[in-house]
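Student: Fold the following, please.
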Amino acid sequence: MQLVSALVAITRRTFIMMGRYMFNTVSTLISIYMVFCLAFFGMKAFAAASPSRALDGTFEGTIVGFFTWALAVFGYSGLSWQLISEAQMGTLEQLYLSPIGFKWMCAFQVVVDFLTNVAVAVVFLFAMMATTGRWLNLDVASIAPLIIVTLLGAYGVGFALGGLALVFKRIQAFFQIVQFAFVGCLVIPWRIPWAKFLPLSMGNHLIYRVMAEGKRMWELPAADVLTALAVGAAYLAVGLAIFSASERAAKTRGLLGHY
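Tutor: Residues are numbered from 1 along each chain as shown. Below you'll find the predicted structure:
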């Protein structure tokens, strides 16, 4: 019963905070959409000037890549921003007094953020498809599991950054580095042998095959799906380990109550 009450409370707080700071939420979406428009219309102008078909499939890949990137950015930064905000408001220690434990509170926050981020990213996806006129295959039964598998690595990075936020407090500048690193993970061709071990890379490729090529999940190579799952699980495990180690360090050094 305590777990259910905590989940309901976190869900209510998330929606209250989104409504209270709606301007910031909308501004974030608009900024990402503007970046996408610059990339799309730039490629479109290049394609118009080039008689070749070198850019065939690039527009669809850009839509899928931005969709995956937006989900990853929302995912990894959610927990870290939450911990930074709690430390700033002086309520971080109160979370440790919760009867269900701090880790459960973080886990529920991640789940609620994930569902919220997916809903927002889907709206962003439809905006991109309407802008480009390229309507992709939205097979929910195939896309949903692949999104979860792909974002395991992003949430692993998020837990690692959340742990660093407990110790170092202000790590917002490092977020920018991670954002560009994720762009690199999506841009580097997955066919390069070591690229498939990067977060997002293989998962983004599988999502592209479903959305752009019309494949079903069971039609995808099992080895590729298992690779994406193993890579995501490995990054998640490492992220959780870093979070636990950072949490112990913060407790030992008495940093939880300070910002």
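Student: by contact count, what packs against the helix or strand residue 248 falls within?
Tutor: Element membership for residue 248 (DSSP states H and E) is helix 222-252. Judged by 3 or more C-beta pairs under 8 Å, 6 or more residues apart in numbering; DSSP states H and E, the packing partners of helix 222-252 are helix 140-168, helix 201-211. All C-beta atoms are positioned from the backbone trio N, CA, C, and that covers glycine.
Student: winner for burial among the ones you listed?
Tutor: helix 201-211 (a mean of 25; mean count of other C-beta atoms under 10 Å).
Student: the helices in the stretch 1-150 of the chain, which residues?
Tutor: Per DSSP state H, counting those that start in this stretch, the stretch 1-150 of the chain carries helices over the ranges 2-20, 22-49, 58-89, 92-96, 102-132, 140-168.
Student: what residue is smack in the middle of the protein?
Tutor: residue 72 (1.9 Å; C-alpha atoms, centre = their mean).
Student: returning to that earlier point: quick one: which of the helices of the stretch 1-150 of the chain has the weakest pLDDT on average?
Tutor: Among the helices of the stretch 1-150 of the chain, helix 92-96 carries the lowest mean pLDDT, at a mean of 73.
Student: CA atoms only: put it into CSV for me.
Tutor: What follows is helix 92-96, C-alpha atoms only, in CSV (Å, rounded to 0.1, in the frame of the first residue of the first chain):
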residue,chain,number,x,y,z
LEU,A,92,16.6,15.9,-0.6
GLU,A,93,17.1,14.5,2.9
GLN,A,94,13.4,14.2,3.4
LEU,A,95,13.3,11.7,0.5
TYR,A,96,15.6,9.5,2.5
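Student: residues of that helix that come out buried?
Tutor: 92, 95 (16 or more other C-beta atoms under 10 Å).
Student: what packs against it?
Tutor: Using 3+ C-beta pairs under 8 Å, 6+ apart: helix 92-96 touches helix 58-89, helix 102-132.
Student: let's see 6 Å
Tutor: helix 102-132 (3 or more C-beta pairs under 6 Å, 6 or more residues apart in numbering; DSSP states H and E).
Student: Return the list of helices and strands in contact with the helix it packs on.
Tutor: Helix 102-132 packs on helix 2-20, helix 58-89, helix 92-96, going by 3+ C-beta pairs under 6 Å, 6+ apart.
Student: Out of these, which one sits most buried?
Tutor: It is helix 58-89: most buried of these by mean count of other C-beta under 10 Å, with a mean of 21.
Student: between it and helix 140-168, what angle do the directions make?
Tutor: Going by axes from the mean of the first three to the mean of the last three C-alpha atoms, to 10 degrees, helix 58-89 is angled at 40 degrees with respect to helix 140-168.
Student: Cheers, nothing more for now.
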